[in-house]
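In: Generate a structure from the sequence data that follows.
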Amino acid sequence: MPLNCSNCKTYLQALPTGSQNVCCSRCKTLMRFAYSMCPPPPPPRSYSFSSFSYNNLELPPPLSYAFSFFSYNKRPPPPSRFPLQRKRAVICSINCKGMGKNMELDGCTNDALSMQTLLVREFIFPASSILMLTEMKGHQAPTKTNITLALRCLVQDCQAGYSLVFYFSGHGDQQPNNTGDEEDELDETLLPLDYETKGVIVDDEINDIIVRPIPAGVKLHAIVDACHSGTVLDWPFLCKVDKSGRRWFWKEHRRPKKGGVWKGTKGGEVISFSGCDDHQNSVEKRIPRGAMTWAFIDAIDRGCGNTYGNLLLAIRSTVLEDCIDAASPKQEPQLTSSEVFDVFTRPFSL
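Out: Residues are numbered from 1 along each chain as shown. Have a look, this model is predicted:
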C-alpha cells in the first residue's frame, strides 16, 4: 500500500503486507499505523449441482436457473440460453405416468438417462451443456412450452464447429396435413406431457425451430424413439437401404408443386435416427427401455458406429432380433437428412 511521509511528505514505496512501522528514508521519521487487509473478492458466480450416479458415472443434473418464465409442478423452466459450449444437447423423455394404462410407458426415463451417459462418456459432451426434460424430480418438466423453449435455446447463437443433439423418447402420433407438403397427407407429431390441454408438437413446428436456423458449419443430430417418427422433423431426404447394405438410395420427401416449402437449413447439416417408419409403431424392449434407443446405444458400444450406414444396419438388426417378437408389427428404424451423402463412407460422430 503506497503512502507519503507525515513529516517531509516524501513519497514512500508500497508497504510490505502486514507491516505496522515504516521509516522515511529522507528525514528518518518513524511512522506507526494500523494495517488492515481488504477481504479477497468473492469468487465468480457458479451453478450448483446435486450429483447422482448412473451406471457408475457421476453426472450432474441439468442447470437450475433463477428466473421465472413458466412453471409446471413448481419446477423452473428451461434456461434462456445454454452455456457457451460447442457441444449442446436437449434430452426429453415422457413416460406419461398417471395418464391411463394405454398411455403409460415404462422405459422413457431410463432411455433419457442412458443417452445422457452415452453423450458424456463416448462423445465428450460437457454435463453442464445437457438439458434434461423428464418426469424425474429435479429435471425440467417436458411440457409443450418447455420443450419448444429448450429447442430454441439449443440452436440459439450456434456457430460453425458446434455439435447439437436433440433426443426424444415418448409418444408420437399423426394428424391430417393441410399444407400439401406430406406424401401420405399426414403430419407427424410428438406428444408433450400436457398434450391434452396444450396440444401436440407438429413436425412443421419442429422443422421451423431447429432445422431451418442451422447455419453453415453446424451439425445437428436428432434421435427420436417414438411411434410414427420416420420423418418427424420434416427433413427432405429419407435413406432407403436393404439388409445387406449393397443397395441404398436417398428418397426425396419434398413436394414443392403441392404447397411444400424448403425444409432444409441455412447451410448446416442435420441428420436424424428415428425409431420407425411414419406408418409404424415403436415398441419397448422386454426390459423397460425403448427398442430403438437400446439398439442405438448397443451399436455404439459394440463399435458398429463407424459410419452412418453401418450404424443404421446395426440398429435395425438389434431391433429385429433382440427387441421385438416375431408376432409383433414390423418396426424399422429410419435415417433422414437435410442433404444427401454416402452413408457407408461418412464417419458417424456427434
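
In: quick one: low-confidence parts of the stretch 151-300 of the chain?
Out: For the stretch 151-300 of the chain, applying pLDDT under 70 flags the ranges 179-185, 230, 245, 253-263, 284-286.

In: Can you list the residue ranges for strands in it?
Out: Taking DSSP state E, counting those that start in this stretch as the test, the strands found in the stretch 151-300 of the chain are 163-169, 172-176, 186-190, 201-202, 219-225, 237-241, 248-252, 269-274.

In: tell me what the last one is packed against?
Out: In other words, strand 269-274. In terms of contacts (3 or more C-beta pairs under 8 Å, 6 or more residues apart in numbering; DSSP states H and E), strand 269-274 is packed against strand 219-225, helix 291-301, helix 308-318, strand 334-337. Bear in mind the C-beta positions are built from the backbone N, C-alpha and C, glycine included.

In: how does it look with 7 Å?
Out: Secondary-structure packing of strand 269-274 (3 or more C-beta pairs under 7 Å, 6 or more residues apart in numbering; DSSP states H and E): strand 219-225, strand 334-337.

In: And the second one, by the same measure?
Out: Of the remaining helices and strands, those touching strand 172-176 by 3+ C-beta pairs under 7 Å, 6+ apart are strand 186-190.

In: Starting from the strand it packs on, tell me which strands it pairs with and how they run.
Out: Applying DSSP bridges, strand 186-190 is found paired with strand 172-176 (antiparallel), strand 201-202 (antiparallel).

In: mind exporting that strand as PDB, just the C-alpha atoms?
Out: Output in PDB follows, covering the C-alpha atoms of strand 186-190 (Å, rounded to 0.1, in the frame of the first residue of the first chain):
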ATOM      1  CA  LEU A 186     -50.300 -36.800 -42.600                       C
ATOM      2  CA  ASP A 187     -48.200 -34.700 -40.300                       C
ATOM      3  CA  GLU A 188     -46.100 -36.500 -37.700                       C
ATOM      4  CA  THR A 189     -46.300 -35.200 -34.100                       C
ATOM      5  CA  LEU A 190     -44.700 -35.500 -30.700                       C
END
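
In: count of neighbours near Asp242?
Out: Asp242: 9 surrounding residues under other C-beta atoms under 10 Å.

In: picking up where we left off before, can you redo the strands of the stretch 151-300 of the chain as TSV with mean neighbour count and distance to Ile287?
Out: Listed next are these as TSV, based on neighbours: other C-beta atoms under 10 Å; distance: least, C-beta to C-beta, whole Å:
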stretch	mean neighbour count	distance to Ile287
strand 163-169	26	14
strand 172-176	17	21
strand 186-190	25	24
strand 201-202	20	28
strand 219-225	25	15
strand 237-241	18	28
strand 248-252	13	32
strand 269-274	24	21
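
In: Format these as CSV; extra columns: distance to Leu154.
Out: Listed next are those as CSV, based on distance: least, C-beta to C-beta, whole Å:
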stretch, distance to Leu154
strand 163-169, 6
strand 172-176, 19
strand 186-190, 15
strand 201-202, 14
strand 219-225, 8
strand 237-241, 22
strand 248-252, 26
strand 269-274, 12
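
In: Tabulate the strands paired with strand 186-190 (a markdown table), appending distance to Ser282.
Out: Output for the strands paired with strand 186-190, formatted as a markdown table (distance: least, C-beta to C-beta, whole Å):
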| stretch | distance to Ser282 |
| --- | --- |
| strand 172-176 | 7 |
| strand 201-202 | 17 |
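
In: right, so of those strands, which gets closest to Trp248?
Out: Closest of the strands paired with strand 186-190 to Trp248 is strand 172-176, at 24.8 Å (criterion: C-beta to C-beta).

In: tilt between that closest one and strand 219-225?
Out: 100 degrees (axes from the mean of the first three to the mean of the last three C-alpha atoms, to 10 degrees).

In: ok, and what's touching strand 172-176?
Out: Under the contact criterion C-beta atoms under 7 Å, 6 or more residues apart in numbering, strand 172-176 has outside partners 185-191, 200, 226-229, 232.

In: Just the closest of the residues you listed to Val270, please.
Out: Closest approach to Val270 among these (C-beta to C-beta): Val232, at 12.6 Å.

In: Quick check: that closest one touching Ala222?
Out: No: counting by C-beta atoms under 7 Å, Val232 does not reach Ala222; the two are 8.2 Å apart.

In: follow-up on the earlier one: quick one: closest of the strands of the stretch 151-300 of the chain to Leu133.
Out: Closest approach to Leu133 among the strands of the stretch 151-300 of the chain (C-beta to C-beta): strand 163-169, 9.2 Å.

In: if we can go back for a sec, among the strands of the stretch 151-300 of the chain, which comes closest to Ile297?
Out: strand 219-225 (9.9 Å).

In: by contact count, what packs against that closest one?
Out: Where contact means 3+ C-beta pairs under 7 Å, 6+ apart, strand 219-225 is packed against strand 163-169, strand 269-274, helix 291-301.

In: Let's see that with 10 Å instead.
Out: Packing partners of strand 219-225 (3 or more C-beta pairs under 10 Å, 6 or more residues apart in numbering; DSSP states H and E): strand 87-93, helix 108-123, helix 144-155, strand 163-169, helix 203-210, strand 269-274, helix 291-301, strand 334-337.
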